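I need the structure of the sequence given here:
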Amino acid sequence: MIKLILSDIDGTILPYGQKHVSANMLDAIHTALDAGIRFGPCTGRGVEWLAPLFCDDATAYATAIGTNGQSVYLDGQALVETRFTRQLLQPLVDELSDVCGAGVLVFMDGVPHVLCGDTADLMVSFPEYAKTAIIEKTIPSTDAMTKCNVFLNGDMDATVTLCQRLNERVSGLDFDVPNPAFLNVMVEGRNKASGIDALAHHLGITLDDVVVFGDGGNDVPMLAHVPNSVAVAGAMEQAAAAARWHTGSVDDDAVADDIRAIACGEWPFTR
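Model prediction:
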């Protein structure tokens, strides 16, 4: 019996360019909650960014995995809160010193701060962040750095190559590719799969009781980890290959239909 549904946000339940999930999705989430099934977003975004994405409906994200497993919440209570430190990030900044077009971005209180690299390259990689980024001359000595990314003025092949290099050379951190020109940075051992394990442990359930939905490179750990994993149509090749099941498109609100089916005890997926 399914007891927990977790879903990536961007490209899975939120079409790119949209500001919040649909009323249909919120209704499906409540259908699951009313059936006694917990729902939560499992995202690279910070938990503090979730409210507007779910139209300020706190019940839709009271259980959540944020910043790729660095934050884990159950019924509004924090189970895991992992932060970056100057000591962890200095080797990453040093490693990127000879990589043309690359830089490091951290978030403090939701505000992007550039630790190294050129904002012109960040503008190519992620314009939304470049417009508001604060330039730092040194890595701050603070426990407020909740999210970290590497940006790159390059294509997918260059992004994957850089990710492999960083995973091989930088200790204490893990890296993955959610999309071209952008890398997620996590404290070693933290990812969406580790966040799911934390939730399952506290709920006293097994991974067989969980369904996860995703589409991107940062979803691969959870899609490969959870037996009932689902990739939406148009998912990255690695994500589609890692998933056991497949469903329709984010543009058709396919996951909302799937959530309702699960809440009714049906199994809507195909290989």
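
Give me the neighbour count for residue 148.
Residue 148 has 26 neighbouring residues, counting by other Cβ atoms under 10 Å. Where C-beta positions appear, they are placed from N, C-alpha and C, glycine not excepted.

Not counting sequence-adjacent ones, nearest residue to it?
Of all residues not flanking residue 148 in the chain, residue 185 sits nearest, at 3.9 Å (Cβ to Cβ, 6 or more residues apart in numbering).

State the three-state secondary structure for that neighbour.
strand (DSSP: H, G, I helix; E, B strand; the rest coil).

Residue 104 too?
strand.

thinking it is in contact with residue 118, fair?
No. Assessed by Cβ atoms under 8 Å, residue 104 is found out of contact with residue 118, at 11.7 Å.

which one of those two has more residues nearby?
Set residue 104 next to residue 118 and count neighbours by other Cβ under 10 Å: residue 104 wins out with 22 against 17.

Give me the neighbour count for the nearest residue to that one once chain neighbours are set aside.
Closest residue in space to residue 104, ignoring its immediate chain neighbours: residue 115 at 4.3 Å, by Cβ to Cβ, 6+ apart. Neighbour count for residue 115, taken as other Cβ under 10 Å: 22.

For residue 115, give its distance to residue 49.
Remark: distance between residue 115 and residue 49 (Cβ to Cβ, to the nearest Å) = 20 Å.

quick one: buried residues of stretch 165-174?
In terms of neighbour count (16 or more other Cβ atoms under 10 Å), stretch 165-174 has its buried residues at 166, 170, 173, 174.

cool, and stretch 29-47?
For stretch 29-47, by 16+ other Cβ under 10 Å, it's 29-33, 37-47.

Likewise for stretch 234-247?
Within stretch 234-247, the residues scored as buried using 16+ other Cβ under 10 Å are 235, 236, 238, 239, 240, 242, 243, 245, 246, 247.

Identify the residues contacting the fifth one.
So the one you mean is residue 240. Residues near residue 240 by Cβ atoms under 8 Å, 6 or more residues apart in numbering: 231, 246.

Repeat that for residue 195.
With contact taken as Cβ under 8 Å, 6+ apart, residue 195 is in contact with 42, 65, 68, 69, 71, 72, 80, 222.

Is the second one part of a helix or strand, or is it coil?
Right, the one you point to is residue 65. The local conformation at residue 65, judged by three-state DSSP, is strand.

same check, this time on the last one
On the three-state scheme (three-state DSSP), residue 222 is labelled helix.

Who are the contact partners of the closest residue to it other than its chain neighbours?
Closest residue to residue 222 apart from its sequence neighbours, by Cβ to Cβ, 6+ apart: residue 192 at 3.9 Å. For residue 192, the contacting residues are 42, 65, 68, 69, 212, 214, 218, 219, 221, 222, by Cβ under 8 Å, 6+ apart.
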